[in-house]
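> Sequence first, then the predicted structure, then my questions.
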Amino acid sequence: MIFIFSFLITPQILTKSGYAWQSAEHMKNAYVVDYQNAEAIADGILFMKDNYGRAKQLASQAHTDALKDYSLTAKADKHIALYNEMLK
């Protein structure tokens, strides 16, 4: 069972490094910026501050996407597909 606390749902500003950004889409579920671009990160912070409604939408979509893409069922389905592919 997944416990969800709505007060923990926050908008994301992600750099194109590591793994997290690979599931993010700029202005769909996150504010994605280039790696090591401090000015772009600052712009993202200001965008979130100045566009509260849009920031809430991004956060909500990120939450929805995470539940869909990383649920136990989704993970199990991906593993089963991988095993089936290996058996071919």
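Alright, I've got the coordinates.

> where's the residue nearest to residue 23 when sequence neighbours are not counted relative to residue 51, distance?
Counting by C-beta to C-beta, 6 or more residues apart in numbering, the nearest residue to residue 23 once its immediate chain neighbours are dropped is residue 69, at 6.2 Å. Every C-beta, even on glycine, is put in place using the N, C-alpha and C of the backbone. Remark: distance between residue 69 and residue 51 (C-beta to C-beta, to the nearest Å) = 25 Å.

> Can you pull the poorly scored residue ranges out of this structure?
By pLDDT under 70, the low-scoring segments of the chain are 1-8.

> show me where it has strands.
In the chain, the strands defined using DSSP state E lie at 13-15, 31-33.

> Can you add distance to residue 57 and give the ones you listed back as JSON lines?
Output for the strands of the chain, formatted as JSON lines (distance: least, C-beta to C-beta, whole Å):
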{"stretch": "strand 13-15", "distance to residue 57": "15"}
{"stretch": "strand 31-33", "distance to residue 57": "12"}
